[in-house]
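Student: Below is the structure, and that's it, no one-letter string:
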């Protein structure tokens with residue numbers, strides 16, 4: 001009977017303070033790693049979304065330029081496009097129009113349109129550049 005009593009007293013049931021401390025440290029480490037991974041995924045998702053929005057605005061500007069006449073496509077039309085397309089103020093829009101002249105005596109028939117959109121992300125300025133050609137119709 002004494003042997004049964006000794007076995008019951010020395011059983012391995014329950015947790016010691018050391019077991020509990022090790023478990024808490026392990027949980028804290030894993031929670032930190034999971035939190036860091038979640039934050040990285042969230043940043044990547046936000047950056048991708050901003051890139052997509054900038055791409056949509058750049059495409060809308062190029063489509064608008066395709067709709068208007070050749071003579072209306074000039075440098076300095078950023079404010080018109082910003083107002084017409086509701087581009088947010090935190091995005092910088094720049095439109096650069098370059099006349100394409102393959103020969104000195106030729107008439108201007110082609111314009112190269114370069115749309116640049118700059119936007120902030122996490123203290124940095126990112127930019128997206130898209131180009132298109134506007135051809136004069138006769």
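Tutor: It's in. What you are looking at is a predicted structure, and each value in this text was computed from that prediction instead of being measured.
Student: pLDDT score assigned to the spatially most central residue of the chain?
Tutor: The centroid of the chain falls nearest to residue 47 when counting by C-alpha atoms, centre = their mean (2.6 Å). Note on residue 47: pLDDT of 93.
Student: Three-state assignment for it, please.
Tutor: helix (DSSP: H, G, I helix; E, B strand; the rest coil).
Student: Contact partners for it?
Tutor: 121, 122, 126 (C-beta atoms under 8 Å, 6 or more residues apart in numbering). In this view, the C-beta of every residue, glycine as well, is placed from N, C-alpha and C.
Student: Could you list the low-pLDDT ranges of the chain?
Tutor: Within the chain, the stretches with pLDDT under 70 are 1-13, 101-108, 138.
Student: now residue 49: how far from residue 86?
Tutor: Distance from residue 49 to residue 86, counting by C-beta to C-beta, to the nearest Å: 17 Å.
Student: Tell me how many other residues surround the residue lying closest to residue 111 once chain neighbours are set aside.
Tutor: Nearest residue to residue 111 in three dimensions, chain neighbours excluded: residue 134, at 4.4 Å (C-beta to C-beta, 6 or more residues apart in numbering). Residue 134 has 20 neighbours, counted by other C-beta atoms under 10 Å.
Student: can you give me the helices for this structure?
Tutor: Using DSSP state H, the helices of the chain run over residues 2-9, 17-67, 78-85.
Student: Dump those helices into CSV; add distance to residue 94 as well.
Tutor: Shown next, in CSV, are the helices of the chain (distance: least, C-beta to C-beta, whole Å):
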stretch, distance to residue 94
helix 2-9, 81
helix 17-67, 10
helix 78-85, 6
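Student: I'd like to know which of those helices is closest to residue 116.
Tutor: Between residue 116 and the helices of the chain, the tightest spacing by C-beta to C-beta is seen for helix 17-67, at 8.2 Å.
Student: before we move on, the earlier item: is the residue nearest to residue 111 in contact with residue 71, as I believe?
Tutor: No: counting by C-beta atoms under 8 Å, residue 134 does not reach residue 71; the two are 10.2 Å apart.
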